[in-house]
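Asks: Sharing a model that was predicted from the sequence below.
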Amino acid sequence: QAAAAAVPEPQSKTPGSAKPKENEGVDAPVAKPKPMERQNSIMKKRSAKSDDKAQKPKILLVDDDNTLRLLVKSRLEKDQACVVTAAGDGVEALKKFEENRPDIVISDVFMPKMDGFELCRCIRKIDTSVPIVMLTSMNDVKDRINGLDAGADDYIVKPFAPKELEARVRSLLRRRGANTDSAKEPADGGGSRVKGGNAGTPTK
């Protein structure tokens with residue numbers, strides 16, 4: 001007789017002993033952004049910031065008093081939503097003017113290297129229409145006439161109220177045609193005054 005074929009013994013099955021499927025219960029890996037996608041995202045964010053900055057009015061603020069410069073810069077950027085570029089003397093200011101082409105120039109008169117009068121004349125050779133506001137601690141008619149003859153559009157005598165400067169900035173920006181939609185009235189009512197020289201803090 002032919003040998004009987006071997007019959008495999010049946011394997012015992014217990015509930016829950018089924019072999020799990022491959023990758024079952026394992027979270028699918030999160031696809032990492034490709035280098036090009038990351039670069040495009042960064043470029044879009046930078047472009048959005050640049051566009052926002054480009055829409056704001058640009059002001060060149062020139063004064064050798066660092067305390068006053070920081071105070072006025074902070075007020076104009078916070079209350080008037082302007083982009084303020086600061087310079088400590090006329091030579092630095094002229095370079096920054098050529099680089100940034102601001103909508104308004106606010107300049108002190110007496111500064112080292114190049115005073116405000118000479119700066120004003122140099123700017124007028126480059127741009128005949130940009131508004132220039134002169135700041136001075138000398139309340140002298142002859143001094144103001146010299147500034148206006150040099151090409152200045154307006155004059156403010158120190159100490160001055162921040163609200164007055166901001167109002168003149170808004171007025172000049174309207175004439176200039178720059179974006180002033182975000183400009184707003186200062187909250188302090190303009191009661192404080194900004195002094196020149198070493199006393200750069202506002203006083204009542």
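Replies: Now that the structure is in, tell me what you want to look at.
Asks: use CA for all of it now, contacts and neighbours both
Replies: Will do.
Asks: ok, residues contacting stretch 120-128?
Replies: Contacts with stretch 120-128, where a contact means CA atoms under 8 Å, 6 or more residues apart in numbering, come from 94, 97, 132, 147, 150-152.
Asks: pLDDT wise, what is F97 at?
Replies: pLDDT for F97: 97.
Asks: what's the answer for the one 5 residues further on, then?
Replies: Among the per-residue scores, P102 holds a pLDDT of 95.
Asks: again, but for the one 4 residues further on
Replies: The confidence metric pLDDT takes the value 96 at I106.
Asks: who's it bridged to?
Replies: L61, V133 (DSSP bridges).
Asks: And it, how far from G88?
Replies: 12 Å (CA to CA, to the nearest Å).
Asks: Quick check: neighbours shared by these two?
Replies: In contact with both I106 and G88: V62, using CA under 8 Å, 6+ apart.
Asks: just the strands in this structure please.
Replies: 58-62, 83-87, 104-108, 132-136, 154-157 (DSSP state E).
Asks: Same list, those strands, but as CSV with mean neighbour count and distance to K163 please.
Replies: As requested, the strands of the chain are exported to CSV (neighbours: other CA atoms under 10 Å; distance: least, CA to CA, whole Å):
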stretch, mean neighbour count, distance to K163
strand 58-62, 24, 16
strand 83-87, 21, 17
strand 104-108, 26, 15
strand 132-136, 24, 15
strand 154-157, 19, 12
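Asks: export those to a markdown table and tack on distance to R175?
Replies: Converted to a markdown table, the strands of the chain look like this (distance: least, CA to CA, whole Å):
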| stretch | distance to R175 |
| --- | --- |
| strand 58-62 | 14 |
| strand 83-87 | 18 |
| strand 104-108 | 11 |
| strand 132-136 | 12 |
| strand 154-157 | 13 |
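Asks: Identify whichever of those strands lies nearest to L173.
Replies: strand 104-108 (7.5 Å; CA to CA).
Asks: Quick one: list the elements packing against the closest one.
Replies: Using 3 or more CA pairs under 8 Å, 6 or more residues apart in numbering; DSSP states H and E, the elements in contact with strand 104-108 are strand 58-62, strand 132-136, helix 162-176.
Asks: Out of these, which gets the lowest mean score?
Replies: helix 162-176 - the lowest mean pLDDT of those, at a mean of 89.
Asks: tell me which residues in it are buried?
Replies: For helix 162-176, the neighbour count (16 or more other CA atoms under 10 Å) marks 162-163, 165-170, 172-173 as buried.
Asks: Stretch 141-149 too?
Replies: For stretch 141-149, by 16+ other CA under 10 Å, it's 144, 147-148.
Asks: Include pLDDT and distance to G177 when you put the residues you listed into JSON lines, please.
Replies: Below are the buried residues of stretch 141-149 laid out as JSON lines (pLDDT from 0 to 100; distance: CA to CA, whole Å):
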{"residue": "R144", "pLDDT": "84", "distance to G177": "26"}
{"residue": "G147", "pLDDT": "88", "distance to G177": "24"}
{"residue": "L148", "pLDDT": "90", "distance to G177": "22"}
